[in-house]
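A.B. asks: coords please:
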Amino acid sequence: MIKIGIKEFDQAVAGLYDDDVILITGPSGTGKTILSLITSVYNIKLGNNVMYILLGNDRKAFLKAVKFLEYPLEKYTDNKFMLIEFPQADIHQFLDINDNPLMTFIEEYKINLIVIDQIDRIIVNEEAVDRFFQVIRSWGVATILIANSPRNSVENYADVWINLDYREIKDRRKKVFEVIKSRGRNHSTQKYIFDIYEDGIMIKEI
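C.D. replies: Got it, this is the predicted structure:
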């Protein structure tokens, strides 16, 4: 069983399947990487194995971005949490349906959840989107895709779409999220305010 790990997010989505493709979009600074890390650690605690693939940031930048959460990543960085930097020169391999190097790792380490942070460098046109989704569907495991904004119809391919954004509330800029799509499920259509703290995320309805 795959979960986001934050009660309000899981309730809003109305459940996840073990082969779902979950798209998380939003401008820089809205908490996409933080949310995906919280989800990763929660699923590790559930007994799942996670592969976290860095396409937009290097390892140093990623660890800096999530440092304030004080999650002991080194505790999990083994067969439970694989943190992979994918070189820019090899990104084209994501579009290779017949010879994708990640399939070996997925099978060998029995990966249950994959996070790709972020896919903007791959989703360059609709043909690339189609090939990319053929690849990740072939993995057969839950996959979280992080992007700054949906483009080239990528949202049409995802099973679940969570959008993070900013909204002015009482003259203050607040982070908000909504579940725009959760295919086949009775998901929430409300927007929620969320704040990120060292010990997690606080959610409330607008």
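A.B. asks: pLDDT weak spots in the chain?
C.D. replies: Low-confidence regions of the chain, defined here as pLDDT under 70, cover residues 56-57, 70-79.
A.B. asks: same thing but at 80, please
C.D. replies: For the chain, the stretches flagged by pLDDT under 80 are 56-59, 61-79, 87-94, 97, 99-101, 198-200.
A.B. asks: what distance do you get for the residue lying closest to residue 54 once chain neighbours are set aside to residue 91?
C.D. replies: If you skip the residues right next to it in sequence, residue 54 has residue 85 as its closest partner in space, 4.9 Å away by CB to CB, 6 or more residues apart in numbering. Placement of C-beta: from N, CA and C, glycine included. Distance check for residue 85 against residue 91: by CB to CB, to the nearest Å, it reads 11 Å.
A.B. asks: give me the most central residue, this protein.
C.D. replies: Centrality entry for the chain: nearest residue to the mean C-alpha point is residue 144, 3.3 Å, by CA atoms, centre = their mean.
A.B. asks: need the residues that contact the helix or strand hosting it.
C.D. replies: Assigning secondary structure by DSSP states H and E places residue 144 in strand 142-147. Contacts to strand 142-147, defined as CB atoms under 8 Å, 6 or more residues apart in numbering, come from residues 2, 16-25, 32-33, 36, 39, 56, 112-120, 123, 136, 154, 158.
A.B. asks: who does that strand pair up with?
C.D. replies: Strand partners for strand 142-147, identified by DSSP bridges, are recorded as strand 21-25 (parallel), strand 113-117 (parallel).
A.B. asks: was I right about residue 34 contacting residue 196?
C.D. replies: Yes. In this structure, residue 34 sits in contact with residue 196. The criterion is CB atoms under 8 Å, and the distance is 5.6 Å.
A.B. asks: which SSE is the residue lying closest to residue 14 once chain neighbours are set aside in?
C.D. replies: The spatial neighbour of residue 14 that comes closest, neighbours along the chain excluded (CB to CB, 6+ apart), is residue 185 at 3.9 Å. Under the criterion DSSP H and E, no helix or strand holds residue 185.
A.B. asks: if I pick residue 185, what's in contact with it?
C.D. replies: 13, 14, 15.
A.B. asks: host element of the last one?
C.D. replies: Read that as residue 15. Counting by DSSP H and E, residue 15 is found in no helix or strand.
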